[in-house]
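> No sequence on hand, only this structure:
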Ligand code: PLP
């Protein structure tokens with residue numbers, strides 16, 4: 001493609017003739033000339049420029065031209081309590097004024113990180129009693145990998161280092177977490193995976209079940225596949241199995257019934273740690289506090305982030321068992337330190353905001369809201385199953401996906417994967433709804449505060465967009 005002729009200097013405000021658009025134009029130009037955007041085709045961005053989001057209110061955000069959008073993905077699956085919560089602003093401001101920064105290295109601590117750790121231990125399953133803070137889900141998963149390796153070295157089993165993950169999993173993009181992720185674009189040309197990991201079949205019944213297989217049979221086959229992989233590699237080499245309770249960023253896919261019980265039993269049988277990546281499911285998304293609670297399994301390590309602070313501040317937490325803690329703690333005594341930690345581990349403003357956010361989720365009963373409004377949301381979305389473009393509507397609580405297919409009967413995908421998805425993404429935006437297109441699936445994950453009237457509005461906007469896409473195709 002031809003790059004439009006542009007010099008950095010034509011973008012300065014004085015060269016922009018349309019004074020009324022002065023700010024947005026100068027912002028757009030500055031964005032194009034200076035920002036490399038995550039998850040964006042940079043050359044396409046140079047042509048079309050950014051959508052500059054200016055402010056938010058409840059489940060809505062507004063761009064700098066005054067257009068309103070329902071934030072159907074809660075930002076990045078994360079703004080549980082909506083986009084203008086004054087209590088979080090106040091909490092952040094007060095903490096900024098009192099102690100804007102301190103670290104937690106070498107025996108130092110501060111109240112917000114202590115209180116939030118205590119709260120997480122209280123909220124998570126009884127066997128999880130210890131917390132390590134990072135600033136992002138990716139850093140949390142990288143930290144988890146290093147903790148597991150450190151632990152197994154300490155326990156005198158240096159060969160027990162491999163991970164089991166799934167195709168289409170999303171665990172982040174740093175070197176170790178990106179290796180655990182099972183999506184081609186996160187590996188391609190990044191030289192990943194860079195750690196020993198084996199990706200198993202994605203537990204999505206609609207796409208990966210065999211002809212005539214029931215859900216229970218599908219689950220049993222996937223568990224048998226995992227066991228075969230463990231035996232082939234040697235159980236003494238497998239350190240951990242990691243999974244999102246419901247796979248989100250790969251396409252919103254709940255596993256078949258019995259899957260997690262089977263995987264949990266394998267982990268116990270072969271002394272493999274079970275890691276639940278709750279970065280999206282955690283704090284109410286499925287209508288239960290955690291995804292592992294919804295599916296009925298107990299991890300040894302839980303990864304949380306996103307809705308932990310409603311993403312008002314960057315924060316993630318790894319919550320883990322006594323066994324993991326004790327092995328690590330003993331080794332720190334032997335070495336004299338735990339040689340791992342971030343400048344912002346347990347950042348006081350982020351942890352203060354996290355604690356207040358969790359209080360709000362509790363006080364407003366947003367987990368129960370996700371269950372109740374979630375049932376309505378799922379039912380309304382399933383009405384779209386009759387739409388000519390729609391192959392599957394799936395999801396639990398306040399997370400869902402609508403998969404578009406070329407042929408409803410055979411489930412045949414489109415010849416050019418992602419094209420219809422991208423068109424639907426633009427069409428929804430034109431109708432005032434922000435979604436995520438994952439291939440040809442449209443993912444939805446609205447703030448937990450959404451009510452039934454707003455769900456109606458969201459589904460109506462989505463339906464209009466799907467109709468536009470269908471018309472455009474014919
Ligand atoms: N784990 C899961 C399940 C996620 O969905 C994500 C992000 O979407 C991550 C980890 C990575 O988090 P971050 O983007 O904060 O690095």
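Right, received. Where do you want to start? Here the structure is a predicted model, which is why all the values come from computation and not from measurement.

> quick one: the strands in the stretch 101-250 of the chain?
128-134, 162-166, 197-200, 238-243 (DSSP state E, counting those that start in this stretch).

> can you list the residues that contact the third one?
Read that as strand 197-200. With contact meaning CB atoms under 8 Å, 6 or more residues apart in numbering, strand 197-200 is reached by 162-167, 169, 179-180, 182, 222, 225-226, 229, 233. C-betas here are computed from N, CA, C, even on glycine.

> Just the buried residues of these.
162-167, 169, 179-180, 182, 222, 226, 229 (16 or more other CB atoms under 10 Å).

> now, which of the residues you listed sits nearest the ligand?
Taking CB to the nearest ligand atom as the measure, residue 169 is the one of those closest to the ligand, at 7.8 Å.

> That closest one: what's it in contact with?
180-183, 199, 202, 242-244, 247, 250, 277.

> How about the contacts made by the residue of the chain found nearest the ligand?
The nearest approach of the chain to the ligand comes at residue 137, 2.3 Å away (CB to the nearest ligand atom). Neighbouring residues of residue 137 by CB under 8 Å, 6+ apart: 171-172, 177, 277, 279, 303, 305-306, 316.

> and if you look at residue 150?
328, 331, 338, 340.

> Just the local confidence number for residue 474, please.
Residue 474 is assigned 79 on the pLDDT scale.

> where does residue 310 fall, phi/psi-wise?
Backbone torsions of residue 310, given as degrees, to the nearest 10, read phi 50, psi 30.

> Also residue 395?
phi 150, psi 170.

> Could you do residue 312 as well?
Residue torsions, per degrees, to the nearest 10, at residue 312 are phi -70, psi -30.

> That one and residue 90 touch, don't they?
No. The pair residue 312 / residue 90 is not scored as a contact, 11.6 Å apart, by CB atoms under 8 Å.

> Quick one: the helices in the stretch 251-400 of the chain, in order.
Here the stretch 251-400 of the chain has its helices, by DSSP state H, counting those that start in this stretch, at 259-269, 291-295, 322-335, 348-363, 366-382.

> Quick check: buried residues in the last one?
Neighbour counts over helix 366-382 (16+ other CB under 10 Å) mark 366-367, 369-371, 373-374, 377-378, 380-382 as buried.

> Stretch 102-118 too?
Buried residues in stretch 102-118 (16+ other CB under 10 Å): 103-104, 110, 112-113, 116-117.

> which bits of the stretch 301-450 of the chain sit near the ligand?
Contact residues, the stretch 301-450 of the chain versus the ligand (CB under 6 Å from any ligand atom): residue 305.

> Any regions of the stretch 301-450 of the chain where pLDDT drops low?
Scanning the stretch 301-450 of the chain for pLDDT under 70 picks out no residues.

> before we move on, back to that, among the helices of the stretch 251-400 of the chain, which is nearest residue 56?
helix 348-363 (15.2 Å; CB to CB).

> Just the angle for that closest one relative to helix 366-382, thanks.
Put simply, helix 348-363 runs at 70 degrees to helix 366-382, going by axes from the mean of the first three to the mean of the last three CA atoms, to 10 degrees.

> who's in contact with helix 348-363?
80-81, 85, 87-88, 91-92, 94-96, 99-102, 110-113, 115-116, 119, 123, 133, 135, 283-284, 307-310, 312-315, 317, 344, 366-367, 448.

> rerun at 7 Å
Helix 348-363 is contacted from outside by 80-81, 85, 87-88, 91-92, 95-96, 99-102, 110, 112-113, 115-116, 119, 133, 283-284, 308-310, 312-315, 367, using CB atoms under 7 Å, 6 or more residues apart in numbering.

> picking that back up, separate out the buried members of the contacts of residue 150.
Buried among the contacts of residue 150 by 16+ other CB under 10 Å: 328, 331, 338.

> phi, psi of the last one?
Spelled out, that is residue 338. phi -100, psi 100.

> How about it, nearest residue that isn't a chain neighbour?
residue 332 (4.4 Å; CB to CB, 6 or more residues apart in numbering).

> Pick out the residue nearest the middle of this structure.
Central residue of the chain (CA atoms, centre = their mean): residue 280, 4.3 Å from the mean position.

> What's the separation between that one and residue 460?
Distance, residue 280 to residue 460, by CB to CB, to the nearest Å: 25 Å.

> Farthest pair within the contacts of residue 150?
Largest separation among the contacts of residue 150 by CB to CB: 331 and 340, giving 11.4 Å.

> sorry, back to before: could the buried ones among the contacts of strand 197-200 be laid out in CSV, adding pLDDT?
Shown next, in CSV, are these (pLDDT from 0 to 100):
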residue, pLDDT
162, 98
163, 99
164, 99
165, 99
166, 98
167, 98
169, 98
179, 98
180, 98
182, 98
222, 98
226, 98
229, 98
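
> roughly how far out does stretch 458-474 sit from the chain middle?
Here the centre of stretch 458-474 is set off from its chain's centre by 26 Å, with CA atoms, centre = their mean, to the nearest Å.

> what's next to that stretch, contact-wise?
Outside stretch 458-474, the residues touching it (CB under 7 Å, 6+ apart) are 70, 72, 380-381, 384, 387-389, 420, 423-424, 427-428, 431-433, 446.

> if we go to 10 Å?
By CB atoms under 10 Å, 6 or more residues apart in numbering, the list of residues contacting stretch 458-474 from outside reads 59, 69-72, 376-377, 379-381, 383-384, 387-390, 402, 404, 406, 414, 420-421, 423-433, 435, 442, 444, 446, 450.

> hang on, isn't residue 66 packed against residue 54?
Yes. If you go by CB atoms under 10 Å, residue 66 and residue 54 touch, sitting 8.4 Å apart.

> higher neighbour count, the two?
residue 54 (14 against 7; other CB atoms under 10 Å).

> Tell me the secondary structure at the more buried one.
With DSSP: H, G, I helix; E, B strand; the rest coil as the basis, residue 54 sits in strand.

> Leaving out sequence neighbours, find the closest residue to it.
residue 64 (4.5 Å).
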